[in-house]
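Participant: Everything below, folded, please.
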Amino acid sequence: MAVMMAVFFVLFAIFFVIASNVISTSHNRAVIMALIAENNSFRDSGTVYSEKTLILSFESDQVDGTYSVLNGGEYFSEETIAELVNRAASFTEGSGTFGDIFFLVTNGSLKDEQRLLLLALDGSSEMQAKQEDTLAVFIFALLLYAIIVVIVFGLSVTIFRPLKENLYRQKRFVSDASHEMRTPVAIISANADVLKNFINNTYLDSIKTQTERLEKLVSDMLALAKTDEERIALVKENFSVTDEVLEAVLPYEALLFEKGKTLITDIEPDVSVTGDRQSFKTILNVLVDNAIKHSDKNATIKISLKKEGAKAVLTVFNTGSLVREEDSSRVFERFYRADASRSRDSGGSGLGLAIAKSLADANKWKIQARSVFGVSMTLTLTL
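Facilitator: Predicted structure coming up:
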């Protein structure tokens, strides 16, 4: 809606500027045309339509201090005439303005003599009319803008209401389903543990494995439901990002060694921010876990932390990526999988990065993804 308002405001400004220029040109042209008519009438018959028309005659072929007043001397003061001549000195043939006074310089015959004439006309009334017309156009444009905004707002509410309701129902379903699934999954898991005391076979092991995956999925769905319903209690405090990263990375070193993957860390010391510590821990674990699960064999994983002004920038890089560059931002979508089979093998639910994005948004942090297909994935969190 804000974008549409900005677009309409720009259109309103463009319309007003164009209309103002048209009005100004129209009124200026009207005064100049009146001067041309006075010039033609005076040269043809010596007739002047208005006593407010000043006519100066110059003996030479240029505007200088040698002139005679043929008309309008009573209406224009000597100071005004002198300043007008001074302004018109740069014209040999053309028109110009001096305040509200318009003047026209012409060459031609006057009673069989070659003379240079300067005609001037007080256009204050025309300028007043121009201001009134400009104000009228502004009010009209403003009313039109207001009407368009009201119409667009009304249409947008009508159009987007079903979408908002559908999104709400989806979020409500995730919340309700995850709560309802929690108890039976816990019971199945407990019963499987009991049965393992009496029976030990691959079928029971498979039940236990899939139950654990389902427990993880339910847990992730509950976490998303909390962020959707804004039920996360954010505790703002100053904490050391450096210490949190070092503490979180330590348990992964042995795991990566077993998997044949290389971990590189570049952690800047004494990096602190004010925010929700628990949200940062969750996001950090999600990013590192994602890098481990979705990197290639013998991959290199690099975790870096830098201080940039008042901001802390955490970067998690891993070699290997099945996400195309144009789909980089889609990794934060719920249940998004670049390769469904690979994600299932790794035990991922497709919700980890969605949870990270929700927590980052709740804390007004910025999280981004940049993938180079088949080469690398870089996830960046700016606090």
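Participant: CA atoms for contacts and neighbours, from now on please.
Facilitator: Fine.
Participant: following the helix or strand bottoming out on mean pLDDT in the chain, which helix or strand comes up?
Facilitator: When the helices and strands of the chain are scored by mean pLDDT, DSSP states H and E, helix 340-346 comes last with a mean of 49. Sequence order places helix 352-362 as the next helix or strand after helix 340-346, per DSSP states H and E.
Participant: could you say what helices and strands that following helix packs with?
Facilitator: helix 202-228, helix 277-293, strand 366-372 (3 or more C-alpha pairs under 8 Å, 6 or more residues apart in numbering; DSSP states H and E).
Participant: Report the rounded mean pLDDT for the helix or strand just after the longest one.
Facilitator: Toward the C-terminal end, the helix or strand that comes next after helix 202-228 (DSSP H and E) is strand 236-240. When pLDDT is averaged over strand 236-240, the result is 88.
Participant: ditto for stretch 43-62
Facilitator: 79.
Participant: quick thing: my sequence starts at 45, can you match it?
Facilitator: Renumbered: residue one is now 45, and that last one reads stretch 87-106.
Participant: distance between the ends of that stretch?
Facilitator: One end of stretch 87-106 to the other measures 18 Å (C-alpha to C-alpha, to the nearest Å).
Participant: one step back: just tell me which of the helices and strands packed on helix 396-406 ends up closest to residue 296.
Facilitator: For residue 296, the closest of the helices and strands packed on helix 396-406 is helix 321-337, at 8.5 Å, according to C-alpha to C-alpha.
Participant: what angle sits between that closest one and helix 396-406?
Facilitator: Between helix 321-337 and helix 396-406, the angle comes out at 150 degrees (axes from the mean of the first three to the mean of the last three C-alpha atoms, to 10 degrees).
Participant: now helix 321-337, how far from the chain's geometric center?
Facilitator: Averaging C-alpha positions (C-alpha atoms, centre = their mean, to the nearest Å) puts helix 321-337 29 Å from its chain's average.
Participant: for it, packing partners?
Facilitator: For helix 321-337, the packing partners by 3+ C-alpha pairs under 8 Å, 6+ apart are strand 280-284, helix 285-303, strand 355-363, helix 396-406.
Participant: redo that, cut-off 10 Å
Facilitator: strand 280-284, helix 285-303, strand 344-352, strand 355-363, helix 384-390, helix 396-406, strand 420-426 (3 or more C-alpha pairs under 10 Å, 6 or more residues apart in numbering; DSSP states H and E).
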